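A.B. asks: Next one to model:
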Amino acid sequence: MHRPNLKLIKVHVTPKTLEFIVDKENEAEKIAREAKTESARIEEEAEAKSQKVYAEAYEQAVAEAERKANELKRNAKEEADREVKQILQQAQNHMEEIRAKAKNRFEAAVTATLSEFCFE
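C.D. replies: From the prediction side, this is the model:
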């Protein structure tokens, strides 16, 4: 296998070039720090917005659950009221039937008693 012939190249770095490189490295580090800071700020804002959205969604879910619970309670009360009215009406009808039967039996008893006294 053939190896390339590598020659060492000497580079002469002037103080001005070295200063330029150091300045650019410092600038790059500063940009990286600023980017990291900005990234953290964006992350905090996103977290805050996320918490706000969660809280709003939670409040809406609770409000919706309360609305549905109130609706169910109202429907149950209306149904119970209808059933009570129906039961009361049935009781009223039953009571009227009993009164009518009692009146007929009373009249029959009075008639029977009078006919016993009158025909003896």
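A.B. asks: For the rest of this, base every contact and every neighbour count on C-alpha atoms.
C.D. replies: Noted.
A.B. asks: Give me the most central residue, this protein.
C.D. replies: Computing the C-alpha centroid of the chain and ranking residues by C-alpha atoms, centre = their mean puts Ala61 first, at 2.1 Å.
A.B. asks: Okay, that one and Lys68: tell me how far apart.
C.D. replies: Per C-alpha to C-alpha, to the nearest Å, Ala61 is found 10 Å from Lys68.
A.B. asks: Glu66: neighbouring residues, count only.
C.D. replies: 12 (other C-alpha atoms under 10 Å).
A.B. asks: tell me which element Trp107 falls in.
C.D. replies: Heads up, residue 107 is Glu, not Trp. helix 15-118 (DSSP states H and E).
A.B. asks: now that helix: mean pLDDT?
C.D. replies: Computed over helix 15-118, the mean pLDDT rounds to 94.
A.B. asks: what distance separates it from the centre of its chain?
C.D. replies: 8 Å (C-alpha atoms, centre = their mean, to the nearest Å).
A.B. asks: one step back: give me the distance between the residue nearest to the centre of the chain and Arg67.
C.D. replies: Ala61 sits 10 Å away from Arg67, going by C-alpha to C-alpha.
A.B. asks: same deal with Asn93?
C.D. replies: Per C-alpha to C-alpha, Asn93 is found 39 Å from Arg67.
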